[in-house]
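Chemist: Got a sequence here, can you build the structure:
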Amino acid sequence: MKKLLDRKDLQRLCRRLRAEGKKIVFTNGCFDIIHKGHVRYLREARKLGDLLIVGLNSDSSVSGIKPGRPVNRERDRAEVLAALSMVDYITIFSEKTPYSLIKALKPDVLVKGGDWNKEDIVGSDIAKETHSLPFVRGISTTRIIEKIAGLSL
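Modeler: Residues are numbered from 1 along each chain as shown. Predicted structure coming up:
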């Protein structure tokens with residue numbers, strides 16, 4: 001997966017791209033079961049700059065946030081994200097929040113979903129711009145899991 005980079009390589013790449021005048025957009029999340037809401041969100045995030053970097057919560061990070069998850073392992077989630085044209089690079093982080101990753105990458109634009117107030121977005125003190133993008137109403141990984149769990153097969 002050419003799009004999956006470790007933190008050090010991505011940090012070097014960001015320095016080079018910034019020197020070339022590129023506007024770097026960063027978002028993060030679990031992206032456990034990719035759905036229409038994720039695709040729209042990532043597409044809109046990518047429009048805010050020249051490239052989009054996704055910080056992907058590691059399996060241990062996800063399980064600390066969402067009991068019983070992830071459904072899909074981090075490498076599988078990364079491969080699905082890498083297949084999306086609007087995602088330029090992915091890196092996996094294990095911390096509870098992506099703060100140290102954001103601090104290392106210094107993105108120009110930081111993006112999160114609509115359930116976040118801009119001032120509460122982790123790393124908003126580092127990025128030049130912070131955006132909270134709207135959700136697609138009625139679509140979430142949790143709802144998908146609940147629907148599947150309710151099916152009798």
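
Chemist: show me what contacts the residue nearest to Glu95 when sequence neighbours are not counted?
Modeler: Excluding the flanking residues, the one nearest Glu95 by Cβ to Cβ, 6 or more residues apart in numbering is Ser61, at 6.8 Å. No exception for glycine: its C-beta is placed from N, CA and C like everyone else's. By Cβ atoms under 8 Å, 6 or more residues apart in numbering, the contact set of Ser61 is Phe93, Ser94, Glu95, Lys96.

Chemist: what's the span of stretch 117-129, first residue to last?
Modeler: One end of stretch 117-129 sits 13 Å from the other (Cα to Cα, to the nearest Å).

Chemist: What of stretch 101-115?
Modeler: Using Cα to Cα, the end-to-end distance of stretch 101-115 comes to 21 Å.

Chemist: List the buried residues of it.
Modeler: Leu101, Ile102, Ala104, Leu105, Lys106, Pro107, Asp108, Val109, Leu110, Val111, Lys112, Gly113 (16 or more other Cβ atoms under 10 Å).

Chemist: Kindly report the same for stretch 28-48.
Modeler: Those would be 28-35, 37-38, 41-42, 45-46, 48, for stretch 28-48 by 16+ other Cβ under 10 Å.
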